[in-house]
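[1] Quick one: sequence plus predicted model below, questions after.
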Amino acid sequence: MNIANLRQEYMRAGLTEADALADPLLQFERWFKDALAANLPLANAMTLATVSPEGAPDARVVLLKGVEAGGFVFYTNYDSRKGRQLASRPSACLVFLWSPLERQVRIEGRVEKVSEQESDAYFASRPVGARLSACASAQSEVVAGRFALESEVEKIKTRHGENPPRPAHWGGYRVVPERIEFWQGRENRLHDRLRYTRVHKEPADTWTIERLAP
């Protein structure tokens, strides 16, 4: 297989400054609704990039669970590899790729934990199996085998039944953006790239919009 010969022309749409909304969170909402309307699988899947205490990059795919309080929210184990990295360096980059729409969104910003009340509410909304797994899994740690995980789930289920409490090591993060870039594929690789940058000012922050070369 000659991977170098894999090519695709991007012909679906464009993105102009005149069409872009002034608020990038509203622009994201518009594009996200387009992804849902197109019935894309896992439209809320996003790559989360972090940095280790030693300065090495790391990345994995997580699921967006809300755009609220000015940021992008996901949930995980605070003691996991990414949780430890975020504790050391509380900043991250998110990337959404909606290939059928020829669109990509990149988000850079600081990371903060959501409130315990928000984490409790989301945890309670999860299916019971997912709640049991969150309680049982020491995420990112080496385990003896799948049987060990399943055994721990059964122990949690025996102890708490169908209503396990949210463990203290599990909860949400909010990525508060400083920059958001919207990428729309265009013919001949002359892609549209609009970058929003936050401007800190009183009484409320604003955003500048710039076009980047493809």
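    Yep, that arrived.

[2] how close does Val62 sit to Tyr75?
    Distance of Val62 to Tyr75, computed by CB to CB, to the nearest Å: 8 Å. Every residue, glycine included, has its C-beta placed from N, CA and C.

[3] Have a look at the two and say which one is more surrounded.
    Neighbours per residue (other CB atoms under 10 Å) separate Val62 from Tyr75, with Tyr75 holding more: 21 against 16.

[4] Let me see the contact set for Leu149.
    By CB atoms under 8 Å, 6 or more residues apart in numbering, the contact set of Leu149 is Ser133, Ala136, Ser137, Val143.

[5] ok, now with 7 Å
    Ala136, Ser137, Val143 (CB atoms under 7 Å, 6 or more residues apart in numbering).

[6] The residue of the chain most remote from its centre in helix, strand or coil?
    Farthest-out residue of the chain from its mean C-alpha position, per CA atoms, centre = their mean: Thr158, at 33.2 Å. Assigned with DSSP: H, G, I helix; E, B strand; the rest coil, Thr158 falls in the helix class.

[7] The closest residue to Ser80 other than its chain neighbours and Arg84, how far apart?
    Among residues not flanking Ser80 along the chain, Gln139 sits closest, at 3.9 Å (CB to CB, 6 or more residues apart in numbering). For Gln139, the distance to Arg84 equals 10 Å [CB to CB].

[8] Now the common contact residues for those two.
    Between them, Gln139 and Arg84 share no contacting residue, judged by CB under 7 Å, 6+ apart.

[9] host element of Leu132?
    helix 128-136 (DSSP states H and E).

[10] List the contacts of Gln139.
    Asn77, Asp79, Ser80.

[11] Mean pLDDT per element in this structure, and the minimum belongs to which helix or strand?
    helix 146-160 (a mean of 88; mean pLDDT, DSSP states H and E).

[12] what comes up buried for the next helix-or-strand element following that one?
    Later in the chain than helix 146-160, the nearest helix or strand by DSSP H and E is strand 170-184. Using 16 or more other CB atoms under 10 Å as the test for burial, strand 170-184 gives Trp170, Gly171, Gly172, Tyr173, Arg174, Val175, Pro177, Ile180, Glu181, Phe182, Trp183, Gln184.

[13] got it, and stretch 143-152?
    Glu152.

[14] likewise stretch 40-53?
    Leu40, Ala43, Asn44, Met46, Leu48, Ala49, Thr50, Val51.

[15] What's the end-to-end length of that stretch?
    35 Å (CA to CA, to the nearest Å).

[16] which outside residues touch that stretch?
    With CB under 7 Å, 6+ apart as the criterion, stretch 40-53 contacts 32, 35-36, 57-64, 82, 85-86, 88-89, 92-96, 98, 100.

[17] Kindly report the same for stretch 188-205.
    Stretch 188-205 is contacted by residues 10, 14-15, 17, 20, 24, 177-186, 206-212, 214 when judged by CB under 7 Å, 6+ apart.

[18] Could I get the full set of strands for the protein?
    Counting by DSSP state E, one finds strands in the chain at the ranges 45-51, 57-63, 66-68, 71-77, 91-98, 103-113, 170-184, 192-199, 206-211.

[19] The fifth one - which strands sit beside it in the sheet, and in what orientation?
    According to DSSP bridges, the neighbouring strands of strand 91-98, each with its direction, are strand 45-51 (antiparallel), strand 103-113 (antiparallel).
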